[in-house]
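Peer 1: the amino acid sequence is not available; the structure is as follows:
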């Protein structure tokens, strides 16, 4: 067995590398396992990985002082020690003496304290850095922000939270929850307080994040009385649009439903019924003719509905944005129908994939709203019927006409034979029945695809009941 001096030196060297290295060396020094558990986030470091659950259970049983037990993971005793707002759990092998376990545990705890004090010294500067990088991303300076961040992140999920009695305290709490003591992620999460509003930007690759940050923020929102919105994952150069989406979603938050996704569809979302690999292949084929700048312009325009906002996000002139959109439309066969735009919105939400053998074979014909290579007709109709089930036929017709006019009330009201105020009231009722935000581009795309999937010959404004030359609906007073 190594002497005490050698063990201590190895622990010090490991602590100089990282917190994970320190916990791994601690486990090796006692021929067992070791876990550092944060009270808010759970296991921070675990060696080996499978010990995370054992360590969490042991930490939960601890009474705030050093403890020993003999029922965690089998073998010899388990030592539990409170350190820097977290819990260190060390489980030794049967051949390791109690004196050696005490030495290793005490040394590791001391080194964690040193790392925590060093982290506190850096926290203020790191918070300022988070604020600066977040502002760069919101201003469309993606390249500069990427240089500062480093790492593999290409996409982000934006959270916007407000409310509560003490925003600064909530900010500090969310910071500690998402970036526990001594832990820093390879792909960082940006946290900043901007104009009294708590902003969290979870960076990740093209795949959606694993949900860990969503769970932590939901827990923090409940604890501190915050209300928030969550945008759909977006490429970094679309962060400004995602920021707006998160703000729109937050408007629907309330006590009991404190964190609202931008799509608002949850399990009803179209993406839930399409296999990711099938969607990725179809999207790659459909979007294959576009260059990266044209794809960026298209995604920005679909998210914001504005050429000016798209130009601002991408740092280009309005003329350049229009030119890219015009070229994209020519290469895709047109951007002039709501159904085509809804399909493109779906394609842009697909996970990233490599190049396909054919970049022009995607089915964009009018035979089915949802291409059969994505989902069969029966399943598509079941999904669409479930999504729109709260609506009666006149409501579905009104919503379909409004979507076909790209959300413009005046021409939709004229086609329906309604006053604009009446149509607005109908749309508010439809949004309430569906429990969605109709201003969300993602919601509109899914609803368009659902309504077109179900549409029959009788689903037209002419089928609406009329009285005195005006459209009416029996359940709604005019």
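Peer 2: Done, it's in. Predicted model only: the values in this text are computed from it and were never measured. Numbers count the residues shown, from 1 in each chain.

Peer 1: what about the stretch 301-450 of the chain, any weak spots by pLDDT?
Peer 2: Scanning the stretch 301-450 of the chain with the threshold set as pLDDT under 70 gives 351-368.

Peer 1: helices along that one, start to end?
Peer 2: 307-314, 318-332, 338-348, 377-388, 393-404, 409-416, 420-434, 441-454 (DSSP state H, counting those that start in this stretch).

Peer 1: ok, residue 199 - contacts?
Peer 2: By CB atoms under 8 Å, 6 or more residues apart in numbering, the contact list for residue 199 reads 134, 158-161, 190-193, 243. C-betas here are computed from N, CA, C, even on glycine.

Peer 1: just the buried subset of those residues, please.
Peer 2: With burial judged by 16 or more other CB atoms under 10 Å, the buried subset of these is 134, 158-161, 190-193, 243.

Peer 1: tell me the SS of the nearest residue to residue 43 once chain neighbours are set aside?
Peer 2: Nearest residue to residue 43, sequence neighbours excluded (CB to CB, 6 or more residues apart in numbering): residue 52, at 4.0 Å. Following DSSP: H, G, I helix; E, B strand; the rest coil, residue 52 is assigned to helix.

Peer 1: I figured residue 52 hits residue 36, correct?
Peer 2: No: counting by CB atoms under 8 Å, residue 52 sits too far from residue 36 to count as a contact (10.0 Å).

Peer 1: give me the more crowded residue out of the two.
Peer 2: Per other CB atoms under 10 Å, whichever of residue 52 and residue 36 has more neighbours is residue 36, with 30 against 19.

Peer 1: the more buried one touches residue 47, doesn't it?
Peer 2: No: using CB under 8 Å, residue 36 is not in contact with residue 47, being 9.6 Å away.

Peer 1: so what's in contact with these two at the same time?
Peer 2: With CB under 8 Å, 6+ apart as the test, residue 36 and residue 47 both reach residue 23.

Peer 1: show me where the stretch 51-200 of the chain has its strands.
Peer 2: 67-69, 78-83, 86-91, 155-163, 189-194, 197-204 (DSSP state E, counting those that start in this stretch).

Peer 1: for residue 405, which of the ones you listed is the nearest?
Peer 2: With CB to CB, the closest approach to residue 405 among those belongs to strand 155-163: 28.9 Å.

Peer 1: separation between the closest residue to residue 433 other than its chain neighbours and residue 429?
Peer 2: Closest residue to residue 433 apart from its sequence neighbours, by CB to CB, 6+ apart: residue 390 at 4.2 Å. When distance is defined by CB to CB, to the nearest Å, residue 390 is 10 Å away from residue 429.

Peer 1: could you do residue 174 as well?
Peer 2: Residue 174 is 36 Å from residue 429, by CB to CB.

Peer 1: would you point out which residue is most central in this structure?
Peer 2: residue 157 (3.9 Å; CA atoms, centre = their mean).

Peer 1: isn't that one up against residue 235?
Peer 2: No: the pair residue 157 / residue 235 is not scored as a contact, 11.5 Å apart, by CB under 8 Å.

Peer 1: winner for burial among the strands of the stretch 51-200 of the chain?
Peer 2: strand 86-91 (a mean of 26; mean count of other CB atoms under 10 Å).

Peer 1: hang on, the earlier thing: let me have the buried ones among the contacts of residue 199 in a markdown table, extended by pLDDT.
Peer 2: Shown next, in a markdown table, are the buried ones among the contacts of residue 199 (pLDDT from 0 to 100):
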| residue | pLDDT |
| --- | --- |
| 134 | 90 |
| 158 | 92 |
| 159 | 93 |
| 160 | 93 |
| 161 | 92 |
| 190 | 91 |
| 191 | 91 |
| 192 | 92 |
| 193 | 90 |
| 243 | 88 |
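
Peer 1: circling back to that earlier point, winner for burial among the helices of the stretch 301-450 of the chain?
Peer 2: helix 441-454 (a mean of 23).

Peer 1: who touches that helix?
Peer 2: By CB under 8 Å, 6+ apart, helix 441-454 touches 232, 245, 262-265, 269-270, 302-305, 338-339, 341-343, 345-346, 349, 368-370, 380-381, 383-385, 387-388, 396, 399-400, 403, 407, 434, 436-438, 459.
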